[in-house]
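Enquirer: No letters, just coordinates:
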């Protein structure tokens with residue numbers, strides 16, 4: 001049996017596990033990232049000790065650990081192994097994380113964007129199992145995206161930055177996005193967008209049981225209890241999501257779109273308006289053929305995708321940007 005370590009490095013938590021080629025998880029671990037203490041602390045006191053501990057635990061149980069895969073919540077160059085100003089890891093800047101890890105770990109190491117690896121995990125073991133092309137949207141504070149094609153290959157584009165599905169523009173006069181653009185899918189169909197809509201409704205004097213500063217989970221709970229502001233907020237966010245899904249379906253013609261991330265746990269509150277708008281705007285063939293599923297791997301999607309990368313699945317033929325392959 002082949003075994004690897006899969007790691008999901010996020011701004012709030014670091015999740016990891018020893019994973020087999022069949023998707024079996026051992027020694028599942030989650031620790032706080034403590035990102036506010038800075039890059040060196042996170043790397044030296046959190047990430048590296050966690051990986052080394054898992055490798056040692058696996059070896060102690062007779063497992064041959066072949067390598068380490070790391071999902072990082074950051075824009076990155078997957079070939080050079082450099083991350084660029086991760087929004088939830090303050091102060092990291094431009095950092096060659098791959099070479100850093102390779103110099104300090106006695107095993108092969110690979111990295112990729114967390115949304116890409118979430119998509120890879122869902123393609124192999126989740127809601128999009130075996131389906132390509134597969135599009136995955138992770139709906140959380142922002143909107144991440146990943147594209148899987150040709151039997152399980154991650155789409156990186158020509159410069160390593162492909163798959164930023166949350167930054168397609170769906171309203172040119174829309175709200176400002178964290179990327180600096182206006183009207184991105186992320187600015188209109190994320191948990192942050194939902195919370196902003198409720199906050200603006202409260203500022204206009206709308207009657208609601210929701211407290212000031214309500215978070216997405218509270219808004220979902222209120223919507224299920226019939227709160228009109230919460231219900232309207234989900235209608236608005238869901239319709240925006242449907243507009244984005246239709247644009248992506250028309251452009252890529254995927255077999256499946258998988259929706260994951262914390263906001264997707266709202267279920268039909270989100271999915272019902274999203275699918276209505278999707279069916280209204282998608283071209284006839286995509287409207288009939290493209291399937292939309294909720295993700296099934298939940299919080300372990302990034303860990304499992306990272307493990308798959310370490311097992312050699314999802315890797316493009318090119319080893320350097322601009323050389324060969326589709327990019």
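Expert: Happy to help now that I have it. Remember, predicted model here, so these are calculated numbers, not experimental data.
Enquirer: list the contacts for the residue nearest the centre of the chain?
Expert: Most central in the chain under Cα atoms, centre = their mean is residue 115, positioned 2.8 Å from the mean C-alpha point. Residues in contact with residue 115 (Cβ atoms under 8 Å, 6 or more residues apart in numbering) are 136, 138, 144, 145, 146, 163. In short, each C-beta sits where N, CA and C put it, glycine included.
Enquirer: element containing it, please.
Expert: helix 114-125 (DSSP states H and E).
Enquirer: can you give me how far that helix is from the chain middle?
Expert: Chain-centre distance of helix 114-125: 8 Å, with Cα atoms, centre = their mean, to the nearest Å.
Enquirer: Okay, now the unreliable bits of the protein?
Expert: Per-residue confidence for the chain (pLDDT under 70) gives these ranges: 316-327.
Enquirer: quick one: furthest residue from the center of it?
Expert: Outermost residue of the chain (Cα atoms, centre = their mean): residue 205, 35.0 Å.
Enquirer: picking up where we left off before, once you drop chain neighbours, what's closest to the residue nearest to the centre of the chain?
Expert: residue 144 (3.1 Å; Cβ to Cβ, 6 or more residues apart in numbering).
Enquirer: quick one, domains of the protein?
Expert: With domains defined by automatic domain parsing, the chain comprises 3-114, 127-296.
Enquirer: Start and end of the longest one, how far apart?
Expert: The separation between the terminal residues of domain 127-296, taken as Cα to Cα, to the nearest Å, is 5 Å.
Enquirer: for it, the distance to its chain's centre please.
Expert: 12 Å.
Enquirer: Specify the local secondary structure of the spatially closest residue to residue 302 that is not a sequence neighbour.
Expert: Leaving aside its sequence neighbours, residue 302 sits nearest to residue 8 (Cβ to Cβ, 6+ apart; 3.5 Å). Under DSSP: H, G, I helix; E, B strand; the rest coil, the three-state class of residue 8 is strand.
Enquirer: what's across from residue 8 in the sheet?
Expert: Counting by DSSP bridges, residue 8 is bridged to residue 15, residue 71.
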